[in-house]
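*Asks:* For reference, the sequence and a predicted model appear below.
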Amino acid sequence: MARTTRRRLLQVSGTGAIAAGTGGLAGILASGRAPAFAQGTSLHWLRWNDFVPAGDEHLRKVALPAAEKALGIKIILESIGGNDLAPRTTAAIQSKAGADIIMGFNSTCQLYSESLADVSDVCEPIGSSQGGFYDAIKANNFDGTKWLAVPHMFGPGMNVYRKSWFDEVGVTSFPDTWDEYRAAGKKLKAKGHPIGQTLGHTFGDAPGFAYAYMWSWGGKEVEPDGKTVAINSKETLESVKFMTAFWKEALDEGGLAWDDSSNNRAFLSGTIASTLNGASIYIEGRRKPAQYQTEDGKAMADDMRHAPNPKGPAGRVHFHGTQSNMLMGYSKNQKAAKDFLRWVHTPENYGPWFRVEKGFASGPTKSWENDPMWKDDPVMLPFKDTAATARATGYAGRPTQKAAEVLNKYIVVDMYAKAVQGMPAEDCVKWAEAELKKVYSV
């Protein structure tokens with residue numbers, strides 16, 4: 001590609017080929033030509049192994065070749081296990097070398113805020129043109145002054161359950177409260193079909209379950225000032241006591257050792273009756289109906305339904321996992337990376353990937369609630385607008401760097417894990433309070 005000087009670029013922009021002052025995606029689209037990046041420019045994008053394999057396949061075979069053609073750069077996509085992203089990110093920051101763009105979960109970017117590029121110039125136009133970002137995903141990626149990462153998706157968690165098994169124990173609709181869920185789970189476990197959930201150190205399902213459960217009882221990490229540790233409360237204590245009995249009576253107690261794929265395997269093998277998860281279990285069942293069948297030889301996916309979390313004393317709350325793309329401060333390809341992230345989030349480029357995900361990934365902005373994809377399958381409809389019920393870590397404060405550290409250390413998850421393993425509820429809450437005070441330096 002011929003090299004273009006800054007002087008020449010400005011001259012060309014005067015002819016209308018590239019919008020003056022914008023460069024970026026607007027200029028690319030206006031000119032119909034790839035930007036003049038340095039010869040051999042490449043981007044390294046590090047992200048997880050998608051729980052919907054078709055999503056990764058779309059990126060590799062369709063989206064990235066199109067981006068390379070449009071932008072005139074080489075894009076190297078590397079996929080690894082979700083639990084491996086945090087150590088890879090830390091190592092890259094310490095060595096100041098590694099992927100240009102790295103996927104982050106939830107409020108991960110708050111932990112690395114000093115090592116990330118400001119991507120406000122990418123995020124603000126996306127939000128303003130697509131109905132605005134949801135509150136929780138903005139809270140995770142915005143520090144109050146600037147955007148630390150570009151939100152990519154919500155991974156909403158809903159309860160997937162075997163309708164026929166619930167019907168067999170006289171529960172014809174998914175339980176509305178935790179008390180009702182415990183009662184149903186006790187009957188199901190007695191028939192060999194327990195509820196399945198993880199309380200292990202795994203990035204998605206464990207905090208997604210534990211945080212939302214605590215909030216639904218009225219528990220919280222800190223007060224609204226974001227500093228005063230507030231987890232040692234009557235509400236939190238009651239939630240721990242209930243969890244201890246709930247776990248023993250209704251759940252597969254092996255869940256303490258599960259990672260984010262364990263409940264998928266358990267559900268699809270017919271071991272558990274219900275679990276809080278993304279849509280990946282249903283999507284996989286629908287993709288392989290001959291492999292995943294019910295006891296009477298029918299497609300298991302036809303027996304699956306989705307429902308929101310049960311209500312607690314403080315209502316119904318969700319902690320939906322979010323994903324973002326962090327542009328690393330050490331990257332020498334800042335402009336190319338920003339142009340790529342803008343390209344990804346134009347509706348014509350994001351839309352096909354979003355539809356391949358079939359609801360496992362919900363868009364980060366509100367406009368995606370109106371996508372025709374949601375009309376394809378009524379079993380997926382509960383995921384459509386669930387992002388509006390999401391809450392971010394650090395509640396009742398905001399997801400600061402300290403809240404991200406609490407999440408990364410699995411303190412809330414471990415509070416419940418210790419309880420179901422036999423530690424008295426009062427001691428579990430006091431332990432969590434002490435650990436939070438270490439983080440918040442109280």
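*Replies:* Thanks, I have it.

*Asks:* So which bits of stretch 224-243 are buried?
*Replies:* Neighbour-count burial for stretch 224-243 flags 226, 229-232, 235-243 (criterion: 16 or more other C-beta atoms under 10 Å). Any C-beta I mention is one placed from the backbone N, CA and C, and that applies to glycine too.

*Asks:* nearest to residue 85, of those?
*Replies:* residue 226 (25.8 Å; C-beta to C-beta).

*Asks:* tell me the phi and psi of the closest residue to that closest one other than its chain neighbours?
*Replies:* Counting by C-beta to C-beta, 6 or more residues apart in numbering, residue 397 is the residue found nearest to residue 226 once chain neighbours are left out, at 3.0 Å. Dihedral pair for residue 397: phi -90, psi -150, per degrees, to the nearest 10.

*Asks:* go on, the one 3 residues further on?
*Replies:* When read as degrees, to the nearest 10, the backbone of residue 400 gives phi -80, psi -180.

*Asks:* Do you know the pLDDT at it?
*Replies:* At residue 400, the model reports a pLDDT of 93.

*Asks:* now swap in residue 21 and tell me
*Replies:* 37.

*Asks:* how near is the residue nearest to residue 226 to residue 107?
*Replies:* Using C-beta to C-beta, to the nearest Å, residue 397 is found at 12 Å from residue 107.

*Asks:* Quickly list what's touching both of these two.
*Replies:* residue 403 (C-beta atoms under 8 Å, 6 or more residues apart in numbering).

*Asks:* neighbour count winner among the two?
*Replies:* residue 107 (28 against 21; other C-beta atoms under 10 Å).

*Asks:* give me every residue that touches that one.
*Replies:* Residue 107 neighbours (C-beta under 8 Å, 6+ apart): 139-141, 392-394, 399-400, 403-404, 407.

*Asks:* If you rank the residues you listed by neighbours, which is first?
*Replies:* The residue in the contacts of residue 107 with the most neighbours, by other C-beta under 10 Å, is residue 140 (32 neighbours).

*Asks:* contacting residues for it?
*Replies:* Residue 140 touches 106-107, 109-110, 151, 322, 324, 392-393, 399, counting by C-beta under 8 Å, 6+ apart.

*Asks:* Helix, strand or coil: sort out it for me.
*Replies:* Per DSSP: H, G, I helix; E, B strand; the rest coil, the local secondary structure of residue 140 is helix.

*Asks:* Distance of it relative to residue 147?
*Replies:* Taking C-beta to C-beta, one finds residue 140 at 11 Å from residue 147.

*Asks:* Could you do residue 90 as well?
*Replies:* Distance of residue 90 to residue 147, computed by C-beta to C-beta: 21 Å.

*Asks:* Next: residue 56.
*Replies:* Taking C-beta to C-beta, one finds residue 56 at 26 Å from residue 147.
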